[in-house]
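>>> I would like to see how this sequence folds:
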Amino acid sequence: MEWLTAIRNSIEYMEKHLSEDISAQDVAEHVYISPYFFQKGFIVVTGMSVSEYLKGRRLYNAALALVKTDKTVLEIALEACYDTPESFTKAFTRFHGVTPSAVRAGETYRTFLPLNIQINIQGGYQMDVKITKMFGLKLIGFEREFSMENSYTEIPKYWDEICEKYANNVYAGNPPANACEKALMDNCIGEYAVCIDDIGCNRFRYLVAGRYAGGEVPEGMTLYEFPAGEWAVFNCIGPLPEALQSVNTRIFKEWLPGNPEYELAGNATVEWYDCVNGEKTDPDYHSAIWIPVKHK
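Now for the predicted structure:
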């Protein structure tokens, strides 16, 4: 499905099911897009997560119901997918800045209208992207599950944890002290980061990885293999994380909406980091985003 059509259809679907306990995964499945890709793109395009949008719309409709109907707080809470009046009142007050009883008595409340997605495709400047066929890619790395909701803050902490636990010793020029440190050196762990959407329940697997060179797979590490296929490779020049974030935003706001030939495929994305030349803070640092694609 064309990307902007999918986003618009997802909003229409959410609007029709606001009184039902639907999840971001339900919405993604409705528009036939990987939950990971969908939620990542939704945040980029709208500036909010799916759960934030659902919550805002439900609490706005709840305020309207308080003003325009005689429904009880419990009835309104249940329609807004809250189990108790207490949990509803807490969320309502945090969102609107006033209590439900105050709104019913005439206090003003926050407006949160349905999204109207309009994207202008900018001309005159092409993204540095090429479509390439890749052979199978086998990676080894450290894996952890993350929630879609907090991954932007938690994943950098995970990188710091791995560096402190496994990398600092060998980066200082010392011989590997254990099997994981040896594997980190032998396979250049940290050259790749991989997001794999095969869990569901608003979670995904994340690997800090390197290209597998063979040999022992130590306890605490895992292998992941990509089949051969077509990938869109977006080159990025600039300091991290700002440069990659900028390219990622342009992928979902410009390249996907304006591309007549390719659409997302598969369930994984890759970030590549140049581990040989320069530092990640350098203005000319080279990195890339790899996304599996298919012909429309």
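
>>> What are the neighbouring residues in contact with S51?
A24, E149 (CB atoms under 8 Å, 6 or more residues apart in numbering). The C-beta positions use only the backbone N, C-alpha and C, and glycine is treated the same way.

>>> Could you confirm it falls within a helix?
Yes - if the criterion is DSSP: H, G, I helix; E, B strand; the rest coil, then S51 is within a helix.

>>> State the distance from it to V27.
10 Å (CB to CB, to the nearest Å).

>>> Quickly find the element holding the closest residue to P241 other than its chain neighbours.
Nearest residue to P241, sequence neighbours excluded (CB to CB, 6 or more residues apart in numbering): P156, at 7.8 Å. Counting by DSSP states H and E, the element that carries P156 is helix 151-162.

>>> Do you have the helices of the stretch 101-250 of the chain handy? List them.
Under the criterion DSSP state H, counting those that start in this stretch, the stretch 101-250 of the chain contains helices at 151-162, 168-171, 179-186, 242-250.

>>> I'd like to know which elements the longest one is packed against.
Secondary-structure packing of helix 151-162 (3 or more CB pairs under 8 Å, 6 or more residues apart in numbering; DSSP states H and E): strand 137-147, strand 203-211.

>>> what about S87, neighbour count?
Counted with other CB atoms under 10 Å, the neighbours of S87 add up to 12.

>>> And N116, by the same measure?
Around N116 there are 7 residues (other CB under 10 Å).

>>> tell me the phi and psi of it?
Phi and psi for N116, reported as degrees, to the nearest 10, are phi -120, psi 100.

>>> among the helices of the stretch 101-250 of the chain, which is the most enclosed?
Highest mean neighbour count among these (mean count of other CB atoms under 10 Å): helix 179-186, with a mean of 19.

>>> what residues does it touch?
Here helix 179-186 has contacts from 140, 166-167, 169-170, 176, 189-190, 210, 213, 215-221, using CB under 8 Å, 6+ apart.

>>> just checking, V27 touches M14?
Yes - using CB atoms under 8 Å, V27 makes contact with M14 at a distance of 6.0 Å.

>>> Name all residues that sit in contact with the two at the same time.
Counting by CB under 8 Å, 6+ apart, the contacts common to V27 and M14 are V50.

>>> which residue packs closest to V31, ignoring adjacent ones?
The spatially closest residue to V31, leaving aside those adjacent along the chain, is A6, at 4.3 Å (CB to CB, 6+ apart).

>>> got the contact list for the host helix or strand of that neighbour?
Using DSSP H and E, A6 falls within helix 3-16. Identification of contacts with helix 3-16 by CB under 8 Å, 6+ apart yields 1, 22, 27-28, 30-33, 38, 41-42, 45-46, 50, 53-54, 57, 114-115, 117, 119, 252, 256-257, 263-264.

>>> at 6 Å what do you get?
For helix 3-16, contacts defined as CB atoms under 6 Å, 6 or more residues apart in numbering pick out V27, H30, V31, I33, V45, P114, L115, I117, L256, P257.

>>> neighbours around E263, how many?
The burial count for E263: 15, using other CB under 10 Å.

>>> Specify the beta-bridge partners of it.
K294 (DSSP bridges).

>>> confidence score at it?
On pLDDT, E263 comes in at 82.

>>> mind saving the C-alpha coords of stretch 202-222 as PDB?
Output of stretch 202-222 as PDB, limited to C-alpha atoms (Å, rounded to 0.1, in the frame of the first residue of the first chain):
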ATOM      1  CA  ASN A 202       4.400  -3.300  20.600                       C
ATOM      2  CA  ARG A 203       8.000  -4.600  21.000                       C
ATOM      3  CA  PHE A 204      10.900  -5.400  18.700                       C
ATOM      4  CA  ARG A 205      14.300  -7.000  18.800                       C
ATOM      5  CA  TYR A 206      17.400  -4.900  18.600                       C
ATOM      6  CA  LEU A 207      20.900  -6.100  17.800                       C
ATOM      7  CA  VAL A 208      24.200  -4.300  18.300                       C
ATOM      8  CA  ALA A 209      26.000  -6.400  15.700                       C
ATOM      9  CA  GLY A 210      28.800  -7.100  13.300                       C
ATOM     10  CA  ARG A 211      29.300  -9.300  10.200                       C
ATOM     11  CA  TYR A 212      29.700 -12.900  11.400                       C
ATOM     12  CA  ALA A 213      33.200 -14.200  10.500                       C
ATOM     13  CA  GLY A 214      32.600 -17.700  11.800                       C
ATOM     14  CA  GLY A 215      33.600 -19.400  15.000                       C
ATOM     15  CA  GLU A 216      32.200 -19.600  18.400                       C
ATOM     16  CA  VAL A 217      29.000 -17.800  19.300                       C
ATOM     17  CA  PRO A 218      29.500 -17.000  23.000                       C
ATOM     18  CA  GLU A 219      26.700 -17.200  25.600                       C
ATOM     19  CA  GLY A 220      24.800 -13.900  25.600                       C
ATOM     20  CA  MET A 221      25.300 -13.300  21.900                       C
ATOM     21  CA  THR A 222      23.000 -14.400  18.900                       C
END
